[in-house]
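> Here you go, sequence then predicted model.
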Amino acid sequence: MALGSNLGDSHRILQQAWHDLGEDKEIKLIILSRPYVTEPVGMESENLFLNAVGILETNHTPEQLLALLQQVEKGFGRIRKTGQNGYRDRLLDLDILYYDDCVLTTEELLVPHPHRAERLFVLAPLVEIDPLHCDPCSGQTAVAMHQKLLQQMKDGKEAFQAIKAETWG
């Protein structure tokens, strides 16, 4: 799963959201990457993002997990408005990147996340915690997708995405 924030005390918010997810009896937290500071991708904002990727185990269905993630976001003040186009600044954004090898397309949920291979702030922390994770759609490992995106940026086929690893301390 992906965690992101570009408003408030993002370090505290992401750590607290991760902890809150672990309070659910159907979730076991496995590992959380270091935080990564990035410029906004796909939106205009003066605020930098703090992003991380975590691995968890759950007995929830993908739809139940999505509902729980949205409930945690709401606890941090996020209000999702239907009909809004584009991304907005936010205290907390939680996304399902993968759910085992599941490929799911519903009106509410796309798994794997449709933009996973285009975002360095997803791939860099994923490589850190699970470099050999195999994407069920492309068959590529996280490392291969990361290297491909870096090459596309180097070749000018994708916009440059600045990223810096930090610590939770």
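Okay, I see it.

> all contacts plus neighbour counts: C-alpha atoms, from now on.
Fine.

> Show residues contacting the longest strand anywhere in the chain.
The single longest strand within the chain, with elements called by DSSP state E, is strand 49-58. Counting by C-alpha atoms under 8 Å, 6 or more residues apart in numbering, strand 49-58 makes contact with 1-7, 10-11, 14, 26-40, 121-122, 125-126, 129, all of which sit outside it.

> swap in stretch 90-109?
Applying C-alpha under 8 Å, 6+ apart, the external contacts of stretch 90-109 come out as 1-8, 10, 13-14, 62-63, 66, 69-70, 73, 76-78, 110-113, 116, 135-137.

> and it, average pLDDT?
Averaged across stretch 90-109, pLDDT comes to 95.

> circling back: restricted to helices, list the contacts of stretch 90-109.
Among the contacts of stretch 90-109, the members falling in helices (DSSP state H) are 10, 13-14, 62-63, 66, 69-70, 73.

> which among those end up buried?
10, 13-14, 62, 66, 69-70, 73 (16 or more other C-alpha atoms under 10 Å).

> hang on, the earlier thing: quick check: neighbours of the longest strand of the chain in the sheet, parallel or antiparallel?
Strand 49-58 sits in its sheet next to strand 2-5 (antiparallel), strand 27-32 (antiparallel), strand 36-38 (antiparallel), going by DSSP bridges.
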